[in-house]
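Q: Requesting a structural model of the entry that follows:
(chains A, B, C and D)
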Protein chains: 2
Amino acid sequence: MASDHTRSAILAAAERLYADRGFGDVTLRDIVAEAGVNLAAVNYHFGSKDELIAELFVTRSIATNRERLRELKAAEEEGGGRAPIEVILRALVGPTLRGCLGPENQRSTAARFMIRASIESVPPIRRIKNREIDHLRKFAGAMRRSLPDRNDVDIYWGLNFALAMAHHTIRESERLTKLSEGKCDLDDVEDVVARVVSVATMALTAGRAEAKAPSKVAAR
Amino acid sequence: MASDHTRSAILAAAERLYADRGFGDVTLRDIVAEAGVNLAAVNYHFGSKDELIAELFVTRSIATNRERLRELKAAEEEGGGRAPIEVILRALVGPTLRGCLGPENQRSTAARFMIRASIESVPPIRRIKNREIDHLRKFAGAMRRSLPDRNDVDIYWGLNFALAMAHHTIRESERLTKLSEGKCDLDDVEDVVARVVSVATMALTAGRAEAKAPSKVAAR
DNA sequence: GATAGTTTCATACAACTGTTTGAATTGCAA
DNA sequence: TTGCAATTCAAACAGTTGTATGAAACTATC
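A: Predicted structure coming up:
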C-alpha cells in the first residue's frame, strides 16, 4: 500500500482545478503539474481520467449527503418524527450554500467541486448521479411528514425550487453581484440561506389556489 | 454574396447539435457532417469555430431579449407605465420556459441552444454574456416601478430567484420527472410558468420581515 | 546486501482537435 | 466563350489530448 502520498496529491490537485476551472478546461497534464507528480501516475493509480473523476465525485457525494442527512435526522428526532419545514429546507440547501459562498478564503473546495459536477455533467458523473434521486426522496419524505396536507406534486415542486434557488445563486453569484452593483451581499451566507429557505417555505405553505385553477391569463 | 446556402446550413446544424449535446461534445467535423458541407467551410464562412458560436449566440440573444421586452413593453403600456408584477415575471421567464419545455416535438432548438449557452459558458459566449446584464436591468426597473415600496436588494433577489426556478427546472426537468415519478407534468408549460411566477411573486411581495431581522437560528 | 514487488519516470503513441493550403469547381459578367 | 472572382474540396498541418510502455528508482523482506 505504501505511502499513498501520490494518490492523495492527485485527488487534491484534481479537485482544486476542477472546482476552479471546470472539467472541460482541465487536462491530465494540468493535474499532474499541480500535484507535482508524473503524468503516468494518474493512470497507474486510478486506471483512467474518468475513474479519477468518478472517485472524486463519489467520495464527495457521500460526504455531502451525509452532512445533509445528519441535519435532517437531528431535526426530525427533535420534533418527534416531524421537523418544521424551514429546518428541513435549511438542511437541504444550507451545507451547499455555506460551502460555496461566503468570503473567498472560507469557501470549501469540495463544495465548489460538487457544484461544478452538478453543472457540467461529464459522462462518468452522469452515470453516478442517478443515485442522488434516492437521497432527494428522503427529503421529500421528511417534507411530506412536515406538511401532511400538501399533495406530492407541490412537495416535489417545492423541493425543486429550493434546489433551484440555491444552485442558481451559487452559479450566478458573480452576475448577481454585478447586476445589483454590490447591493446583494453574497458573502453574508446566512442571509442567503434565510432568503432561499423563506421563499421555498412560502412556495410550500401558501395556499396557492390562484396558480392552477383560474383564468390563466397569458401575457401574450 | 451568392447563395448563402452553406452558411445557413452550418448555422442550423450547429445550433441543433449544440442544443442536443452541449458545446463540449460537438466537433467541427460533427457540424459539417450534419450540415452536409465541407470541413473547411466553417473557417471560410465564419473565420473560426468560436466566431461561429458567437454569431449563433448573438443572434439568439437578440431574438430572445426582443421577445421578452416585447411582452414587457406591452404590459407596461397597458398599465400606464406600471405593470403588475406577475405579468413582468411572466414576460421574463415565459418565453424561455415555453421554448424549452412542453411536448418534445414542440421544443424550439433556439431555446434549447440558449439554455446550453447559459449553462456551459464557453469562452466566446462568456465574452458576450456581460451585455445581458443591461437587459436584466430593464426588468429590474420595471419591477421597481411595479413595487415602489420594495428596496432594490429585494428586487434583485426576486429577479434572481425567478430566473433560478425557470432555468433549473429546464435543466433538471428530467430529474424532476423521475423524482416525482411523473407526477410533476413538465409538458404542461403554462402550469410551470404559473408556478414559477406565483412563487417569485410571493418572494417579492410577502412581508418577509422574519428573514433578515430575527434570531437567525442556524440548524447546525 | 541481494531480491522481489511496488512505484516513478521520460518518452512514445495513436487519436482527435481546429485550422490552413492550394488546387478544383462553380457562378456570373463582359 | 472568355475571364475572374467566389466558393468548395481533399488533403495535410500543428497542436493537444488520454493512454501505454519499458526502463529506472525506490521499499521492504529475507
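
Q: Residue A:53: what's it in contact with?
A: Listed by Cβ atoms under 8 Å, 6 or more residues apart in numbering or on different chains, the contact set of residue A:53 reads A:14, A:18, A:23, A:122, A:124, A:125. Where C-beta positions appear, they are placed from N, C-alpha and C, glycine not excepted.

Q: Buried ones in the helix or strand hosting the fifth one, by neighbour count?
A: This means residue A:124. Assessed by DSSP states H and E, residue A:124 sits inside helix A:123-129. By neighbour count on 16 or more other Cβ atoms under 10 Å in any protein chain shown, the buried set for helix A:123-129 is A:124, A:125.

Q: Mind checking if whichever helix or strand comes after that helix is in reach of chain B?
A: Where DSSP H and E defines the elements, the next helix or strand beyond helix A:123-129 is helix A:132-146. Yes - Helix A:132-146 reaches chain B (Cβ under 8 Å from any Cβ of the partner chain) through A:133, A:136, A:137, A:140.

Q: Let's see the helix or strand following helix A:132-146 as PDB, backbone CA atoms only.
A: As assigned by DSSP H and E, the chain's next helix or strand after helix A:132-146 is helix A:152-171. C-alpha atoms of helix A:152-171 as PDB (Å, rounded to 0.1, in the frame of the first residue of the first chain):
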ATOM      1  CA  ASP A 152     -47.000  15.100  -3.600                       C
ATOM      2  CA  VAL A 153     -46.800  17.400  -6.600                       C
ATOM      3  CA  ASP A 154     -46.500  20.500  -4.600                       C
ATOM      4  CA  ILE A 155     -43.900  18.900  -2.400                       C
ATOM      5  CA  TYR A 156     -41.700  18.000  -5.400                       C
ATOM      6  CA  TRP A 157     -42.100  21.400  -6.900                       C
ATOM      7  CA  GLY A 158     -41.100  23.000  -3.600                       C
ATOM      8  CA  LEU A 159     -38.100  20.700  -3.400                       C
ATOM      9  CA  ASN A 160     -37.200  21.600  -7.000                       C
ATOM     10  CA  PHE A 161     -37.500  25.300  -6.400                       C
ATOM     11  CA  ALA A 162     -35.400  25.200  -3.200                       C
ATOM     12  CA  LEU A 163     -32.600  23.500  -5.000                       C
ATOM     13  CA  ALA A 164     -33.000  25.800  -8.000                       C
ATOM     14  CA  MET A 165     -32.600  28.900  -5.900                       C
ATOM     15  CA  ALA A 166     -29.600  27.600  -4.000                       C
ATOM     16  CA  HIS A 167     -27.700  26.300  -7.100                       C
ATOM     17  CA  HIS A 168     -28.500  29.200  -9.300                       C
ATOM     18  CA  THR A 169     -27.400  31.700  -6.700                       C
ATOM     19  CA  ILE A 170     -24.100  29.900  -6.400                       C
ATOM     20  CA  ARG A 171     -23.600  29.600 -10.100                       C
END
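
Q: how much does helix A:152-171 deviate in direction from helix A:132-146?
A: 120 degrees (axes from the mean of the first three to the mean of the last three Cα atoms, to 10 degrees).

Q: Now do helix A:152-171, average pLDDT.
A: Per-region confidence: helix A:152-171 scores 96 on mean pLDDT.

Q: What residues of that helix count as buried?
A: So helix A:152-171, judged by 16+ other Cβ under 10 Å, has buried residues A:154-171.

Q: Mind giving me the packing neighbours of the helix or strand just after that helix?
A: The element immediately downstream of helix A:152-171 (helix or strand, assigned by DSSP H and E) is helix A:173-179. Under the contact criterion of 3 or more Cβ pairs under 8 Å, 6 or more residues apart in numbering or on different chains; DSSP states H and E, helix A:173-179 touches helix B:132-146, helix B:152-171.

Q: Could you say which one of those comes nearest to residue B:36?
A: helix B:152-171 (30.2 Å; Cβ to Cβ).

Q: Is that closest one positioned near chain A?
A: Yes - counting by Cβ under 8 Å from any Cβ, contacts between helix B:152-171 and chain A involve B:152-153, B:156-157, B:159-161, B:163-165, B:167-169.

Q: Same list (the residues you listed) but as JSON lines, adding distance to residue B:30.
A: Shown next, in JSON lines, are those (distance: Cβ to Cβ, whole Å):
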{"residue": "B:152", "distance to residue B:30": "45"}
{"residue": "B:153", "distance to residue B:30": "45"}
{"residue": "B:156", "distance to residue B:30": "40"}
{"residue": "B:157", "distance to residue B:30": "40"}
{"residue": "B:159", "distance to residue B:30": "36"}
{"residue": "B:160", "distance to residue B:30": "35"}
{"residue": "B:161", "distance to residue B:30": "37"}
{"residue": "B:163", "distance to residue B:30": "31"}
{"residue": "B:164", "distance to residue B:30": "32"}
{"residue": "B:165", "distance to residue B:30": "33"}
{"residue": "B:167", "distance to residue B:30": "26"}
{"residue": "B:168", "distance to residue B:30": "28"}
{"residue": "B:169", "distance to residue B:30": "29"}
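
Q: Can you add distance to DNA strand D and give the residues you listed back as JSON lines?
A: Listed next are the residues of helix B:152-171 next to chain A as JSON lines, based on distance: Cβ to the nearest atom of the strand, whole Å:
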{"residue": "B:152", "distance to DNA strand D": "43"}
{"residue": "B:153", "distance to DNA strand D": "42"}
{"residue": "B:156", "distance to DNA strand D": "38"}
{"residue": "B:157", "distance to DNA strand D": "38"}
{"residue": "B:159", "distance to DNA strand D": "37"}
{"residue": "B:160", "distance to DNA strand D": "34"}
{"residue": "B:161", "distance to DNA strand D": "36"}
{"residue": "B:163", "distance to DNA strand D": "32"}
{"residue": "B:164", "distance to DNA strand D": "31"}
{"residue": "B:165", "distance to DNA strand D": "34"}
{"residue": "B:167", "distance to DNA strand D": "28"}
{"residue": "B:168", "distance to DNA strand D": "29"}
{"residue": "B:169", "distance to DNA strand D": "32"}
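
Q: Tell me the one of those nearest residue A:52?
A: Comparing the residues of helix B:152-171 next to chain A against residue A:52 with Cβ to Cβ places residue B:168 closest, at 28.1 Å.

Q: If you drop the residues flanking it in sequence, what lies closest to the closest one?
A: The shortest distance from residue B:168 to any residue other than its chain neighbours is 3.2 Å, reached at residue A:164 (Cβ to Cβ, 6 or more residues apart in numbering or on different chains).
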